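Novice: give the three-dimensional model of this entry:
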Amino acid sequence: MKVIFLHGLGQTADAWEKVTDRMASSDYLTMSLFKPISRTDHLTIEKLHLILSQELDRIREPYILCGLSLGAILALKQAITPSLNLKGLVLSGAQFEAPNSGLLVFQNLIFKFLPRRTFTKLGITKRQAIDLTDSLRNLHLTSELSKMALPALVICGKRDRANLKASHRLEGLLSDGELVIIPNAKHELNLENPLEFAQALNRFLNKVNQK
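Specialist: As a prediction, the model looks like this:
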């Protein structure tokens with residue numbers, strides 16, 4: 001089964017390379033979330049969701065979405081929109097409700113002091129990164145996710161304090177959810193703990209393929 005990887009906000013599609021190198025299967029696709037975005041676009045989570053939906057509609061085979069942080073939010077939003085080809089989710093450092101407002105303010109403050117070239121490498125502008133973060137204030141997926149029946153693997157680093165509590169809550173919401181906590185790990189598991197991430201992903205793929 002194909003695995004489609006969705007990167008985080010501060011990453012590009014290349015962030016999955018260390019994970020894909022360790023996958024048991026070579027059937028995967030790493031998507032560049034910001035490639036279709038024009039520098040003049042007003043960037044929101046809903047706009048990214050719409051663009052991703054259009055791209056996924058072109059895929060004519062069963063697939064699993066694997067996302068980290070921003071990518072995980074987009075994967076969750078896809079899951080609440082029925083699709084015959086979507087067969088499961090792998091969610092790393094996922095949030096499903098609007099993050100603490102203080103955390104969003106702090107994140108945007110960091111963005112404001114980062115050099116413009118940091119965002120250029122990602123394919124977006126500093127303003128777009130701030131607008132995207134601001135749009136997460138309207139994130140409310142709890143009621144929809146409680147009705148979702150797709151198998152899901154929730155992964156989080158034990159030292160990822162901003163997302164650990166949400167990961168435990170997310171597992172409890174999902175009817176077919178499994179939680180894997182990686183010890184001594186932080187947020188960017190695809191970069192910092194690719195072996196453990198790939199091992200958990202391979203186990204999940206075997207489970208889904210056997211259904």
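Novice: give me the longest helix you can find in this structure.
Specialist: helix 194-209 (DSSP state H).
Novice: for the protein, which segments count as strands?
Specialist: With DSSP state E as the criterion, the chain has strands at 2-6, 28-31, 63-68, 86-92, 152-157, 177-182.
Novice: so what strands line up beside the shortest one?
Specialist: Looking at strand 28-31 with DSSP bridges, its paired strands and their directions are strand 2-6 (parallel).
Novice: quick one, helices of this structure?
Specialist: 17-20, 45-56, 70-79, 101-113, 116-120, 126-135, 142-145, 164-173, 189-192, 194-209.
Novice: for residue 95, which of those is the nearest?
Specialist: Using CB to CB as the measure, helix 164-173 is the one of the helices of the chain that comes nearest residue 95, at 5.3 Å. All C-beta spots, glycine's among them, are computed from the backbone N, C-alpha and C.
Novice: got the angle between the closest one and helix 70-79?
Specialist: With axes from the mean of the first three to the mean of the last three CA atoms, to 10 degrees applied, the angle from helix 164-173 to helix 70-79 works out at 20 degrees.
Novice: so who does residue 25 touch?
Specialist: Counting by CB atoms under 8 Å, 6 or more residues apart in numbering, residue 25 makes contact with 1, 3, 202, 205.
Novice: that one and residue 79, how far apart?
Specialist: Distance of residue 25 to residue 79, given as CB to CB, to the nearest Å: 21 Å.
Novice: what's the answer for residue 117, then?
Specialist: Counting by CB to CB, the gap between residue 117 and residue 79 amounts to 35 Å.
Novice: distance between the ends of stretch 155-167?
Specialist: Distance across stretch 155-167, first residue to last, is 7 Å (CA to CA, to the nearest Å).
Novice: coming back round to it: nearest to residue 32, out of the helices of the chain?
Specialist: Among the helices of the chain, helix 45-56 comes nearest to residue 32, with 10.1 Å by CB to CB.
Novice: could I get the closest one in CSV with only the CA atoms?
Specialist: Only the C-alpha atoms of helix 45-56 are listed here, as CSV (Å, rounded to 0.1, in the frame of the first residue of the first chain):
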residue,chain,number,x,y,z
ILE,A,45,-4.9,25.6,6.9
GLU,A,46,-8.1,25.5,4.9
LYS,A,47,-6.3,26.5,1.7
LEU,A,48,-3.7,23.8,2.2
HIS,A,49,-6.4,21.3,2.9
LEU,A,50,-8.2,22.2,-0.3
ILE,A,51,-5.0,22.0,-2.4
LEU,A,52,-4.0,18.6,-0.8
SER,A,53,-7.5,17.3,-1.5
GLN,A,54,-7.2,18.1,-5.1
GLU,A,55,-3.8,16.4,-5.4
LEU,A,56,-5.0,13.3,-3.5
